[in-house]
Every structure is written in structure tokens, then in C-alpha cells.
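A.B. asks: Build me a structure from this.
(chains A, B and C)
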Amino acid sequence: MGRARARSAGWSRAVLLVPAALGVGLVVLPLLGLLLRTEWGAFAAHLAAPVVWPAIRLSLVTTLVTVALCAVLGTPLAWLLSRADGRAATWLRAVLTVPVVLPPVVGGVALLMAYGRRGVVGAPLFEAFGLRLPFTPSAVVLAQVFVSLPFFVLAVEGAMRAVDGRYDAVAATLGASPLRIFVRVALPLAAPGIASGAALAWARALGEFGATITFAGNFAGRTQTAPLAVYVALQNDPQAALALSIAMLAVSLLVLGLLRGRWMR
Amino acid sequence: MRRSRLAVLAAVTGLLALTACSAATPQDTAPGAAGSTSAPASSGGGSRVVTVLAAASLTEPFTALATAYEQQHPGVTVALSFGSSTTLAQQIAEGAPADVYASAGESALAMLPADAAADGGREVVARNTVEIAVPPDNPGSVSSLADLADPDLDVVLCAETVPCGAAADQVLAKAGVTPHVVSREIDVKATLTKVTLGEADAAMVYHSDVVSAGADVEGVEVPAADNVVLTYPLLWFSKDRDVAGFARFVASPQGTAALTKAGFLAP
Amino acid sequence: MTLDARLRAHRGGFTVDLPLAAQDGEVVAVLGPNGAGKTTALHALAGLVPLEAGHVRVDGETWAGDGRHLGPERRAVGLLAADHLLFPHLTARANVAFGPRSRGASRREAEERADAELGALGVAELAGRRPSALSHGQAQRVALARALATDPRLLLLDEPLSALDPATRPQVRATLAARLRAYDGVTVVVTHDPLDALTLADRLVFVEGGAVVQEGTPADVVARPRDPYVAQVVGLNLFAGTADGEAVTTPLGPVVTGGHAHRGPSWVAFAPSAVALYPEKPHGSTRNLWPARVGSVELSGQTARVRLLIGAGRHDGPHVADTARDQGTRGADAAREHGQRGAPGQGDHGQRGHAGRHDGQHGADAARDHEDHGADAGRHDGPRRAEPGRDHENRGDGTVAVLADVTAGSVATMRLQPGADVWAGVKATEVSAYPS
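C.D. replies: All right, here's what the predicted structure looks like:
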């Protein structure tokens, strides 16, 4: 009886272990492949390839600007959404979720339609000021914000929602204005959520490809972010592409590791 | 606090799951690169599939030829995949299933194993030349290669690593022009798209692309002295009846007719 | 008049309509079962929910009404809820200083004020701690200090002691009572604990279904409940009836009182401890005598609370027998229900009371009594049911429930158990009657 029970326990554990192990394999194997297929002897030389550094620098600068924009624009938005329960809020939330499920290329096309030279906003801008957004680093940031802001807002809204609304009420009776409640109560209480939202937005921005190449184009040093450089380099210099991929992997792990130690434990 | 952290965790996991679904691989997202693979799964027995990987510039004529071939050979399905020649060559080298490969230019063939076509065959099916594409109203008033150097114009080229980019660079070098390039797109279709959308004032593409784009763009011809001629080799990798059959069909006069109609030059 | 309010607000299917007025320094307790609209009323005073109609005026300033609605941050209010709701990321001092800072004080002023408030509540040494390092009782004191640090004209306490464990509740209650005596604004305390109300408040307002059912000083309310719910809270048997010169006709039949001057609609009240039980019909001077069947017996300490079902005067008739069978299960329910109760009347262990004993002094005694009791058995301080008191009234099936407190000895000698037939008697002098 006891043995049978033990065996069936072992069985059911195996039933869970197999898919779990397969899942781990699906994620880990490609990463291992990246490491195993790299020619480590020539790694430094490949990293020194002219496309690598400008792409990494552009990626770091644009993603940091993107995260900053997400935080500045997204945190108040998340706060308002977390405290609103009307139909408008529901719709707004749904609309904000669209870029999350939208293929990034479609996002790029949408951005062109809005800010392109013939876009809804872009055309007047171009005619009035000769201002062109596509093919500029600003376009890279715009594309990244478009795809990552929803992640940020939804994550932070969840964190804000988890902050007991009665704290707002108490703070209000203590004389705090809505702005003060936001700054002094909601922000500190939702800080871990904001940090994970920022990490999420940053990760999404760093990996952005489709919307960027569609809207911002691909020009080394100006709009060619690391993922674009990897893709282009893959066509004639796979080892440079691998080196760049590994550099991106390292940067991602470093930043996520720092955030984890500091905020996400 | 614990609740809030759980909520955040849940949100993060959920969103990551969603990203995993939406943030596709570059092959999927790059416009025109390895686009849709039209391989309808046939229900009846005895259906044969010929998998064809072809340069993005061949999209229109190959689609038409595949349809024609399928009509003439019931039971055969021609699955098409278009992308930049180099990307496709690389995919084949990495083991992607392919029966037929059509490249824009010879350069991408270097990526294939030397004996790739040993079992099958190889034939040049078309030629192409480089041409400047501008939006219909030609807002940048481009009339020659030299105009592309104007810093007020936005010029888009293919990436250096793909044949149309290499060809454009050759042409520009011959003419001694340094254009004001704002972007190097990942393949010829993406390059042309920037012009059809009006985002770029000019792009350097193939003559066939200008023809296939119809009224969406205007072409500005490049003088023969500065131009380069690109050949389109067709490789097939097996002796299979349907594979070889489709390859010969493309190389046949009927195939050439379809290609020249799409703006290619006869081989 | 410092506070003058009429609160009309809609909340989840019912309307709260509550007139509320108070003088400087007055503590008004709003009592009522769960869902009676107490918290809604409090939030309306604080400005957290909008008034549908009515007004809130404090010191002549209109906070709400006449087309005006001040947000909570512009009202001089302090709010203390059952959960202390201290901001977890701030120290006790910073929590208390939050209000003064929000209302424009400099950091130093605010912190000095915070230290003073914390000192007044005896928790000055906790100023540097985060809420997570405070006990519930300590946190509640800090929260009270925070609510008072903005010099509110109106202090709103929402079940301020209900989340505390029975051991710390008396201490915090004492601190709160002392602090409220020194506070010169108006305090409105919402509670369902009669002991809180009796010990803290100058005036009690009973609310049921969003409306006031009775209002008065604790002494008045305890002596003369005018609503079944109020009677249940203060632990009295209460019946509605019609008075004539001799007696009051109630669902129990005619009840002879210690003497009453009025005629017409009347309330009749007597304490459970005034009810004597006899195994056989006694031949004494007791004027009010009913055959009864025991519904349930609840023993606590030396006292037993017996729930009697009095069947319209027919002892052994088939009607009563039916009812008694019916009561087999109901009695058990009722016993459980009583286990949840801690009405102050329960404190008069076994002693025969007298009609005049429900004065204020006695209320305080009873409260202390009850307090000890609560400390012994914390379960008795649990939340009360939403529909109390009804069982004092005619039950609609021909029987009437009456509560009697007897000694544990009586339970033993008379073998009081559900279903037992007894006689219940109440001396006329123990019965008070007053016009309704």
C-alpha cells in the first residue's frame, strides 16, 4: 500500500517534471546554442566590428530614454487608471493593450501613418517646420515607447491597484491633494511595481525590431539598434551577429540582475 | 505588500507570455523578408509539395508561375517563400527545407555548400538592372543619380549585405555619387515600400520592382554606363520529378514571358 | 451648534437618511447592525462619498449641501478606521506629521506636532518605528494621533476598536476615552459594540436601514429602549403594547407594571435578570406569570441566559407543543446566536435587579463587568448578527421569546434544557412602561 502510494507519487511527479523540463529546454537550448556556436577566439575581434558598438550605444541610449518616457508618462496614467472604474477606463485599458498583441510591424506601419511624412500628425509637422520623424533616433524612441508603454502601464496599474484605496481616503482626510497622494503615498507603495514595470518596458524596448525597422528604418549609428544590426550582420557576417547577440545577452542579464537585487527580489 | 508583489508578478508573467506571442522573430516581422509561405495543406493522398525560396524581387512573377504550374499539374503544390537572397541562402545552409532557390545576383550563392545543386541543376532565369524609384509626384524632383546627393532628399537603399544594396553601391561608385542615405532596408521590397509610402524621396531598386509597383512609384532610369546587370540563378536540389519540373517550367519560354512581363530582362 | 448635518446618500440599493447634530466636545456614537449605513454616513461627513441631498455644516461653514461639496482634503476632519491604515513606508512620526505637512506646516513644525500627539497618547517612544514594527494597539494609537494632528473640527472614528484583540482593547479604549475628553471638536464614532458606545459617547444614535430608530443619552437609551434592536443591544426584554390604567396589553398578554400614568401605545421593558423561573406554578405575589418552554440555555460563568418561548398563555395545549417541537432546531440556532452576543445586561450576574437600576452609573458598572468578561472570553466580542432583537418580539408563530438570566445553580436544580416546561414570573415593580 505504502509502496504503491510512493510509486504513484513518483509517477505524478514525473508527469509534471517532463513538461517542465521540456519547457526549460525550449528556453535554455537556443541560449546555449548562441554560446556554443560562437568562435570565442575571435570574439573580441568580432565585437570590434564597426557595426557593433554604435548599435549597442544606440540601443542603450534609446531604451533608457524610452524607459524614462514610460515612467514619466505611464506612471500617472497607471495611477489614474487604477483609480477609475468607469466604462471609459475600461475602453482606455483595452486600447492601451492593443500594442501588446499587435504585430510590431503593424505597429511600425501605424506609426508611419501617424508620424510619417504623409502621416496624420507628420504631414502638418513636415509642412510647417520641415520636421521629419522617420529615419531619426527620435523615431526609434517613438517606436519603442509605442510597444513598451502598454507593458509599463499595465504592470504599474496592477501594482497601484494593489495599493489599498483606503490609504488614498485617509491621506485625503489628512489634507493631502490628489497630487500629494500620488507622490507621497501611491508612488512609494507601488515602487516595486514601478521598478518591475520599468524593467519589463526596458526589456521590450531593447528587443524591439519590427516597429523600429518599419518606422525608423535601418541606418548604422542613427537608427540601427542592436537587434537590427544583428539581423543585418547575420546576412554576411554571422560571427559578428553572434558576438553582438552575446553582448546584448550580457547587457540584458546585467541590467535585470541589478534590478532584481535592488527591487524585485 | 505581499499581495501587491504577487499582483505585479502575475502581471509580469502574463505580459511576458503575451510578448512571447507578439514579438515575433525577425524573419516573421521584417517586411517582405521571408513573407508568407503559401503552402496549403492538401487533404488528398498523393499530394506533392515543391518548396521554393525566392528573392523578394521575384514575388509577383513566381506567384503567377506557381499558380500556373499547379493548374497544369494537379496534385502538386508549390509552396513559396520570399525574402532577401542572403537570408534565404543562409536558411538553406542552416538546413531549412528547400527544393528550389532563386537568388537575386550570384553573391548570395557563396553561402550555400559548393555541392548544393549537385543532385539537381542550375540555370539563369532572368536578369535585372538597377533603377531609381520615386513617389508618383516625384516630390524631390529626382532626375539623375547625381540628384541623390542632395542633403534635402531622403534616399533609401537596400542593406549593404543584400544583393540590391551591393548593386546600388556599385552603381553609385561608378557614377561617383555619395547619396544622402537615411536608411538601408533589409530587402528590396522594404526599400521600395519606403517610397510607395512617401517616406523617402528616392530609393534604388531593380527595374522589375518599379514595374511591379505599377502606379505607386515612378522610375528614373540609370544610364547603362553606370548600371550593373544582375543575373538571377535558379538552383534546384534534387532530381525529383516535380522539383525539376517546376525549375524547367520557370526556365521555359512561358517562364521567361512571365518574368519579362514583370520587368525582368530575358536571361 | 458645531456640527449640523443631514446626510442623504445612496449606497448599494438603500438610502441613508440621517440627521446628525453635535456640540463642541460632544461624542456621538452611531450604532447599528452591519449594513445599516453607518460607514457611509461617516464617509459622507468626511467628503469621501458625495451627498445626494442634505448638508454638512461645521462651525457655520458649509462643507456640503447648497450645491457645494468640499473634498476631504479641504475639510477639517480626522478619520480613524478599524484598521489603522498607517502608511507602511513611513515611520510613526512621519505618519503623524503627514497631515500637518499636507496642510502646509514646515517639516519641523509637523514633526514637533507629531511628537506631541504621540506623547499625548503615550507612544512617544515609538516615533521612529515603521508600522510593521508596531503592535495593533500601538498602531491604533499612532493612527489616532495622526487623525488628531491636523486639529480636526470633526473626528470620525469608524469601529476604532473592533480590530483589536480583547486583551488590548480595554487599554486602547481607556486611552481613547481619555483623549476624547481632552478633545474640543465633535467626535462621531461608528460602532456596533455597545460597550464602546456606552463608555465613549455622550449621546447614542441608533441606525437601522439607513434611518435613525432611537437617539438619546446612554442612560436614557439603556433605561428606555424604543426599538427591538436597541433593546437587544442594551440587553432588555422589550415589547410593544397598549397601556390602560392597570396593565399594558402586549403579545405576552396583559403585563402589570410598577405603575404607569399613560394610556395608549406603550413600550414595556424588563431585564432578563428580573425574570424568575419556577418548575411549578408558584403561589406567591408575582403578578406577571407565564407558562413557558425553554428554547435554549447558554451558560457563561455563574449565570445562564435562558431563552424562553411563551405560548400565548396555554401551557400544555397542542399549539405550544407544536411550537416547541419546531423550536428544537431553532433553539440551537438561537443558542449559537446568543453565544455571539455580549450585551451589557449580561453583566448583572444572577442578582435580582430592580426597576430603577438602569441609570448611568449602572451602565458604567455593567460595562466594566462586561469588560472583564470580554477579556476572559474574547469570542464574546465577535461581530453581531445583522438582524438582532427581533426575537424579543412576537415571533409570528404565536410564541413570544423572552430572555431570562438565572444562576447556574437554578439550571442544575430545575434541569433547564431545551424543551423543558417552566413558569416564568416578573414582579410588577421590575417592569417599566413608557409611552411609545
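A.B. asks: only C-alpha atoms for contact and neighbour calcs from this point on.
C.D. replies: Fine.
A.B. asks: can you pull out the helices in chain C?
C.D. replies: C:38-46, C:92-102, C:107-120, C:136-148, C:169-182, C:194-200, C:218-223, C:228-234, C:318-339, C:360-376, C:408-414 (DSSP state H).
A.B. asks: Over to the stretch 51-200 of chain A?
C.D. replies: Ranges of helices within the stretch 51-200 of chain A are A:52-69, A:75-82, A:87-101, A:104-115, A:122-129, A:137-162, A:165-173, A:178-181, A:187-206, based on DSSP state H, counting those that start in this stretch.
A.B. asks: So what's the residue count around the residue nearest to residue C:310 when sequence neighbours are not counted?
C.D. replies: Leaving out its chain neighbours, the residue that sits closest to residue C:310 by CA to CA, 6 or more residues apart in numbering or on different chains is residue C:292, at 4.5 Å. As a burial measure, residue C:292 scores 31 neighbours (other CA atoms under 10 Å in any protein chain shown).
A.B. asks: check contacts around residue C:292.
C.D. replies: Residue C:292 is in contact with C:308-311, C:315, C:421-424, counting by CA atoms under 8 Å, 6 or more residues apart in numbering or on different chains.
A.B. asks: any idea how far chain A is from it?
C.D. replies: Shown here: residue C:292 relative to chain A, a distance of 51 Å by CA to the nearest CA, to the nearest Å.
A.B. asks: Tell me what that residue is bridged to.
C.D. replies: Beta-bridge pairing for residue C:292 (DSSP bridges): residue C:310, residue C:422.
A.B. asks: Next, find the distance separating it from chain B.
C.D. replies: Counting by CA to the nearest CA, the gap from residue C:292 to chain B is 54 Å.
A.B. asks: do the same with residue A:76
C.D. replies: Taking CA to the nearest CA, one finds residue A:76 at 17 Å from chain B.
A.B. asks: and that residue, how many residues sit next to it?
C.D. replies: Residues lying near residue A:76 (other CA under 10 Å) number 19.
A.B. asks: Enumerate every residue touching it.
C.D. replies: Applying CA under 8 Å, 6+ apart, no residues qualify as near residue A:76.
A.B. asks: So for residue C:257, what's the pLDDT?
C.D. replies: What the model reports for residue C:257 is a pLDDT of 86.
A.B. asks: Contact partners for it?
C.D. replies: C:246-248, C:427-433.
A.B. asks: ok, now with 6 Å
C.D. replies: By CA atoms under 6 Å, 6 or more residues apart in numbering or on different chains, residue C:257 lies in contact with C:428, C:431.
A.B. asks: just residue C:213 next, same as before
C.D. replies: C:206-207 are the contacts of residue C:213 under CA under 6 Å, 6+ apart.
A.B. asks: how near is it to residue C:18?
C.D. replies: Residue C:213 sits 10 Å away from residue C:18, going by CA to CA, to the nearest Å.
A.B. asks: swap in residue C:64?
C.D. replies: Per CA to CA, residue C:64 is found 14 Å from residue C:18.
A.B. asks: Ignoring the adjacent residues along the chain, who's closest to residue A:256?
C.D. replies: residue A:199 (7.0 Å).
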